[in-house]
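Colleague: when you get a sec, could you give me coordinates for this:
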Amino acid sequence: MEFDSWIEKSDRLRERLSLLGPESKPAWGRMGAQQMIEHLLLVCEISNGTKKAEVLTPEKHIEKAQTFLMSDQEIPKNFIAKFIPEEPIPNQFSDLNTAINALISSIEKYHVFWKEKEETTCNHPVFGRLNKAKWNRVHNKHITHHLAQFNLL
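Modeller: Here you go, the predicted model:
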């Protein structure tokens with residue numbers, strides 16, 4: 001699958017996400033619709049300087065992780081990153097639309113954060129220190145994975 005540029009086309013992303021409802025069921029996984037949006041938001045906040053993250057992948061595995069990131073391989077269904085808690089995190093927002101608006105706002109902040117500093121790096125918990133091009137890849141691969149999870153592609 002070719003990964004669309006969701007991070008660059010937030011209007012298209014909003015359009016896709018508008019098809020979600022509070023009762024939307026995933027094709028796989030244990031997250032509900034709002035949990036998934038808030039999960040995407042958390043990763044976006046790590047990439048836009050709002051939140052900091054430790055690299056949890058041992059240094060000896062970073063190259064392999066980044067090779068996967070830059071490949072055309074999809075994130076496997078039912079993949080659970082080690083940093084995701086088993087118990088669902090309580091919703092941060094009162095409703096799904098508010099969460100979607102927060103995600104889109106965070107994407108806008110992402111573009112401001114990276115303006116004219118594409119080679120700066122910041123941590124991703126799995127993939128290590130990433131510049132803007134690699135963060136774009138994370139977001140596009142990650143968003144595609146979750147849109148597929150909720151049959152939005």
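Colleague: stretch 5-24: end-to-end distance?
Modeller: Stretch 5-24 stretches 24 Å from its first residue to its last (CA to CA, to the nearest Å).
Colleague: buried ones in that stretch, by neighbour count?
Modeller: 6-7, 10, 13, 16-17, 20 (16 or more other CB atoms under 10 Å). For glycine as for every other residue, the C-beta is placed from the backbone atoms N, C-alpha and C.
Colleague: and these, which two are furthest apart?
Modeller: Ile7 and Leu20 (18.3 Å; CB to CB).
Colleague: now Asn34: how far from Gly128?
Modeller: Rather than Asn, residue 34 is Gln. Noted for Gln34: a distance of 29 Å to Gly128, by CB to CB, to the nearest Å.
Colleague: which stretch of helix or strand covers the residue nearest the centre of the chain?
Modeller: Nearest residue to the geometric centre of the chain (CA atoms, centre = their mean): Leu40, 3.9 Å. Using DSSP states H and E, the element containing Leu40 is helix 33-47.
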